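K.L.:
when you get a sec, could you give me coordinates for this:
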Amino acid sequence: MRLAVVLRYIGIIMLLNAAFMLLSAGISLINNTDSGFYPLMLSFVLTSILGVFPLIFVRKNDRINMKEAYAIVVGAWLTACIVGTFPYLLWGGEFSWPTAWFESVSGFTTTGSTALADVEALPKGLLFWRSSTHWLGGVGVVMFVLVVLPTVGRTKMTLSSVELSPMAKENYRYKTQKVIYILLSVYLGLTVLETICLKIAGMGWFDAINHAFSTVSTGGFSTKNASIAYYNSLAIEIIIMIFMLMSGLHFGLIFATLVGKRNNIFRNEVSRFYFATFLISGLLITFSLWHAGMYGSFFESLRYSLFQTAAVITTTGFATADTTLWTSLAIMLLLYLMFQCACAGSTSGGIKSDRVWLALKAIRLRILRQQHPNAVIRIKMNGVPQDNSVINFAMFFIVIYIMIICAGTIIVSATGEDLMTSFSLVATSMGNVGPGFGSIGSMSNYSEISSFVKIFSTIFMLLGRLEIFGLFQLFLMKWWR
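P.N.:
Numbering: from 1, shown residues only. Sure thing, here's the model as predicted:
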């Protein structure tokens, strides 16, 4: 593997981060040169220098192999998280190194957990940078760079095949260049549309842009300590809930629906399963809260239930209520949604609805074969027969996903955290969801969690965002030979 070539592409990705640091410094400048201006400008200079060096000293190469592509993608994510700490550390305040690293990884992986006790103390420039890490990480830092790279077809194809998960590729029927532009066009379109809607609903432009960044990336960083509960606006909650659910769909299907293709949101099995899971879970939680008398009316129970259900299943993590106080049934359903999450090809994390739906079909097939041993039965998704390798990998992914969460829970519990906090912390980090239960509930934060647990949880954030195997592979010595 040619390390110099890998570093060259990582350098390009670092320059993308530097551009957003400069944009954030501009926000600081507009706001009377707030205290975030100089840390952001210095971060811009440092990141630019680090990004330019490989471009100067490494000769351009338009062909990379699959091993180099994996190293570029994983290296890009790790490097982005490292340089993402620069503005926080230079600004100071609550930011120690563990806190800055946690906030940066949580931002780029779109987990949305925060280790800050007072988010509103941050200057606007830093708040914008914080939301920008979500927006860059939502669609993938590598995907943004592929748009501006010169036309090097094979390199783009190789990098995009690594950045996009295998399940995400299923609903794309276009060439690589077209796929990249569809993904980013839908992403940008949803962001602009939500920003306008939130402004009309009563948010200021700054808050509207920041919350649109967080919603469409299914991240969850807010400019307010109380998250969306701060606004206490039904209109804002409905807008954000709609865009959370849209952002949890396969972007290729959204595009196909807009242009009138047959393979659209309404015909797709996984989309229907995703929406059915959301509605059934939301209604069950509503009846549970209403029956327990937690809110004054059925409508109020419905309002808080549907919003939190959408926030968890899409892994956005916004909050309008303290879910740690909810009924056992409500908490159990939300914990399940932390595992399943939304669709492949979206900005959501977790196991993905696609794999869960495929696993349910595999279980049904097993039962049918027990009843009819000689029957030839194939699993189909949207009418297309699935290879056994696809089914086996989906089942394997689910098993190893759960095993990693169990192992992580044991380790976090050993640090002295209670069982609910430990389990939900690992599950919410692995699924890139954000809020958990116990001491890290939807109205709490990670400021009181130990530095070791903060750093440890970022490993799960990266594992979840890179779908486990990409990160594992980079650290296997045999793979490098």
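
K.L.:
residue 266 touches residue 256, doesn't it?
P.N.:
No. Shown here, residue 266 and residue 256 do not form a contact pair, counting by CB atoms under 8 Å, at 10.4 Å. C-beta: built from backbone N, CA, C; applies to glycine.

K.L.:
who has more neighbours out of the two?
P.N.:
residue 256 (21 against 9; other CB atoms under 10 Å).

K.L.:
OK, contacts around the more buried one?
P.N.:
Taking CB atoms under 8 Å, 6 or more residues apart in numbering as the contact definition, residue 256 lies against 171, 262, 263, 264, 265.

K.L.:
how about the last one, secondary structure?
P.N.:
If I follow you right, that is residue 265. Classification of residue 265 into helix, strand or coil gives coil, according to DSSP: H, G, I helix; E, B strand; the rest coil.

K.L.:
now residue 366
P.N.:
For residue 366, the secondary structure call by three-state DSSP comes out as helix.

K.L.:
burial of it, as a residue count?
P.N.:
Neighbour count of residue 366, defined by other CB under 10 Å: 9.

K.L.:
kindly report the same for the one 5 residues further on.
P.N.:
Taking other CB under 10 Å as the criterion, the count of residues near residue 371 is 7.

K.L.:
for it, give its distance to residue 85.
P.N.:
When CB to CB, to the nearest Å is applied, the distance between residue 371 and residue 85 equals 57 Å.

K.L.:
who are the packing partners of the top helix by length along the chain?
P.N.:
With DSSP state H applied, the helix covering the greatest number of residues in the chain is identified as helix 3-30. Helices and strands touching helix 3-30, as assessed by 3 or more CB pairs under 8 Å, 6 or more residues apart in numbering; DSSP states H and E, comprise helix 37-57, helix 66-83, helix 86-91, helix 124-139, helix 141-148.

K.L.:
distance from it to the middle of the chain?
P.N.:
The chain centroid and the centroid of helix 3-30 are separated by 20 Å, computed with CA atoms, centre = their mean, to the nearest Å.

K.L.:
so it versus helix 66-83, what angle?
P.N.:
30 degrees (axes from the mean of the first three to the mean of the last three CA atoms, to 10 degrees).

K.L.:
point out where this protein drops to low pLDDT.
P.N.:
1, 61-62, 141-177, 470-481 (pLDDT under 70).

K.L.:
closest to the centroid, which residue in it?
P.N.:
Closest residue to the average C-alpha location of the chain: residue 110 at 3.7 Å, with CA atoms, centre = their mean.

K.L.:
which parts of the stretch 301-450 of the chain are strands?
P.N.:
Assigned by DSSP state E, counting those that start in this stretch, the strands in the stretch 301-450 of the chain fall at 380-381, 384-385.

K.L.:
so what touches the first one?
P.N.:
Contacting residues not belonging to strand 380-381 are listed as 170, 269, 270, 354, 357, 358, 361, 386 [CB under 8 Å, 6+ apart].

K.L.:
do stretch 350-357 as well
P.N.:
Residues outside stretch 350-357 that contact it (CB under 8 Å, 6+ apart) are 165, 167, 170, 269-270, 273-274, 277, 315, 338-344, 381, 394, 397-398, 401, 430-433, 464.

K.L.:
burial of the nearest residue to residue 78 once chain neighbours are set aside, as a residue count?
P.N.:
Nearest non-adjacent residue to residue 78, counting by CB to CB, 6 or more residues apart in numbering: residue 462, 7.6 Å away. In terms of burial, residue 462 registers 22 neighbours under the definition other CB under 10 Å.

K.L.:
residue 462 and residue 468, how far apart?
P.N.:
Going from residue 462 to residue 468 by CB to CB gives 10 Å.

K.L.:
go on, residue 411?
P.N.:
17 Å.

K.L.:
those two: which is more packed in?
P.N.:
Set side by side, residue 411 and residue 468 show unequal neighbour counts under other CB under 10 Å, the larger going to residue 468 at 16 against 13.

K.L.:
just the contacts of residue 256 now: which is nearest residue 325?
P.N.:
Nearest to residue 325 out of the contacts of residue 256 is residue 265 (CB to CB; 34.6 Å).

K.L.:
who's in contact with the closest one?
P.N.:
Under the criterion of CB under 8 Å, 6+ apart, the contact list for residue 265 reads 249, 253, 254, 256, 257, 271.

K.L.:
among these, which one lies nearest to residue 197?
P.N.:
Relative to residue 197, the closest of the contacts of residue 265 is residue 254; by CB to CB it sits at 16.4 Å.

K.L.:
hang on, the closest one packs against residue 183?
P.N.:
No. With contacts defined as CB under 8 Å, residue 254 does not count as touching residue 183, sitting 9.9 Å away.

K.L.:
re the thing from before, sec struct for the residue nearest to residue 78, please.
P.N.:
Here residue 462 is recorded as helix under three-state DSSP.

K.L.:
between the contacts of residue 265, which sits nearest residue 77?
P.N.:
Distance to residue 77, by CB to CB, is smallest for residue 249 among those, at 23.4 Å.

K.L.:
contacts for stretch 322-341 next, please.
P.N.:
Contact with stretch 322-341 is made by 248, 277, 281, 284-285, 288-289, 292, 294, 305, 308-309, 312-315, 348-353, 356, 401-402, 424, 427-428, 431, 433, 435, 437-438, 441-444, as judged by CB under 8 Å, 6+ apart.
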